[in-house]
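K.L.:
sequence? don't have it. structure:
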C-alpha cells in the first residue's frame, strides 16, 4: 500500500474529527486510493451498506446480468480475512482476486461484507478467538457485532431478492474461514454447502455439521493459522458420522486461498449442491 493509502486508512483512528473524510462505502474515492488492477475482476460488484443499531456494515454485491421473472438464483457469501479489514468498501475482495469468475458460469448473487479493524470499531473481527492458536476455541454465546450485522444483512437480502434458498453457499479465508465455520455452527440450516479456507471451528458443534456438504482446505505449512485447526474439525465431523471433503496443500503457508479459489472444481462442486 502507498504512503498516501496508509495515511488514508489511519486518519479516522488518529483523529475522529476527520471522520467525514473516511471512505464513503457507496462512492469510493479513487483519488485518495487509486484503482488497482486486481479490482477489474470485480467491476460489476456494486457498493452497498447495511445499518443497524448504530453500526454500519459496508458490503459488495454481484447480481446476475439478467434475471428472469419468477426465477431464483443461488447466493454465495464471501467472508474476507483479517488483513482485509477496514473502512474502504473495496479491500475485502483483495485476496479473492485469484478466484475463477464462477458468477459467469453460474448466474448467482455474491455478497462480500466488510469487517472493520479493531482500531476503527469494537469487536473488529468476525470471530472472537486466537487465530494463531493450535488449541481449539469455544464459540461465544453471541456473535461479534460485525458477524451479527453480516448475518442480518444477508437475511434481509434473502427476504427481498429472488434468492434460491436451497442453494445458499458460504466461503471465506483465514479469519473468514473461522467465520465460515461459525456461520455453519449458528445457521447451518440455511447453508447448502461451504468451503472454509485455512480456518478453524468449535469441534463441539461437529455433530450439527454432519449433513452439510463441506470442502475445507488448508496449507500444511501454514505459519499463521495452524493446519491442526482444519484437521481437528474435519476429524470431529467424520467421527460424528459426516463425510466432509478436505484438501491439504503441501508446502503452502498462509495462502491456501489461491489454490482453492483458482480451482474450477471447487466451484463446480459447490454449485452442484442443493438442500433438496
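P.N.:
Noted; the coordinates are in hand. The structure displayed is predicted, hence computed values, not measured ones. Numbers count the residues shown, from 1 in each chain.
K.L.:
least trustworthy helix or strand in this structure by mean pLDDT?
P.N.:
helix 3-14 (a mean of 41; mean pLDDT, DSSP states H and E).
K.L.:
can you pull the pLDDT of the nearest residue to residue 80 once chain neighbours are set aside?
P.N.:
The spatially closest residue to residue 80, leaving aside those adjacent along the chain, is residue 92, at 4.1 Å (C-beta to C-beta, 6 or more residues apart in numbering). (Glycine included, C-beta is placed from N, CA and C.) Residue 92 carries a pLDDT value of 98.
K.L.:
ok, now residue 27?
P.N.:
Listed pLDDT for residue 27 reads 93.
K.L.:
ok now do residue 149, which residues does it touch?
P.N.:
50, 52, 55, 57, 113 (C-beta atoms under 8 Å, 6 or more residues apart in numbering).
K.L.:
now it, what's its secondary structure?
P.N.:
helix (DSSP: H, G, I helix; E, B strand; the rest coil).
K.L.:
quick one: pLDDT of it?
P.N.:
You'll see residue 149 listed with a pLDDT of 96.
K.L.:
cool, residue 22 as well?
P.N.:
Predicted confidence (pLDDT) for residue 22: 75.
K.L.:
from residue 204, how far out is it?
P.N.:
39 Å (C-beta to C-beta, to the nearest Å).
K.L.:
before we move on, what about residue 137?
P.N.:
Per C-beta to C-beta, residue 137 is found 10 Å from residue 204.
K.L.:
look at those two and report which has more neighbours.
P.N.:
Shown here are residue 137 and residue 204; by other C-beta atoms under 10 Å, residue 137 has more neighbours (19 against 13).
K.L.:
got a list of what the more buried one touches?
P.N.:
Residue 137 makes contact with 129-130, 200, 202 under the criterion C-beta under 8 Å, 6+ apart.
K.L.:
would a markdown table of the residues you listed with pLDDT be doable?
P.N.:
Below are the contacts of residue 137 laid out as a markdown table (pLDDT from 0 to 100):
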| residue | pLDDT |
| --- | --- |
| 129 | 91 |
| 130 | 89 |
| 200 | 98 |
| 202 | 97 |
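K.L.:
may I see the ChimeraX selection of the buried members of the residues you listed?
P.N.:
To isolate the buried members of these in ChimeraX, using 16 or more other C-beta atoms under 10 Å:
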select :129,200,202
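K.L.:
before we move on, back to that, now the element after the least confident helix or strand of the chain, going C-ward?
P.N.:
Sequence-wise, the next helix or strand downstream of helix 3-14 (DSSP states H and E) is strand 46-52.
K.L.:
contacts for the following helix or strand past that next one, please.
P.N.:
Note on strand 46-52: by DSSP H and E, the next helix or strand toward the C-terminus is strand 55-62. When contacts are defined by C-beta under 8 Å, 6+ apart, strand 55-62 is touched by residues 25, 42, 44-51, 87, 89-90, 92-93, 103, 108-114, 121, 145-146, 149-150, 153, 157.
K.L.:
buried only: go through those residues for me.
P.N.:
By 16+ other C-beta under 10 Å, the contacts of strand 55-62 give 25, 42, 45, 48, 50, 87, 89-90, 92-93, 103, 108-114, 121, 145-146, 149-150, 153, 157 as buried.
K.L.:
was I right about residue 247 contacting residue 215?
P.N.:
Yes - between residue 247 and residue 215 there is a contact at 7.1 Å, judged by C-beta atoms under 8 Å.
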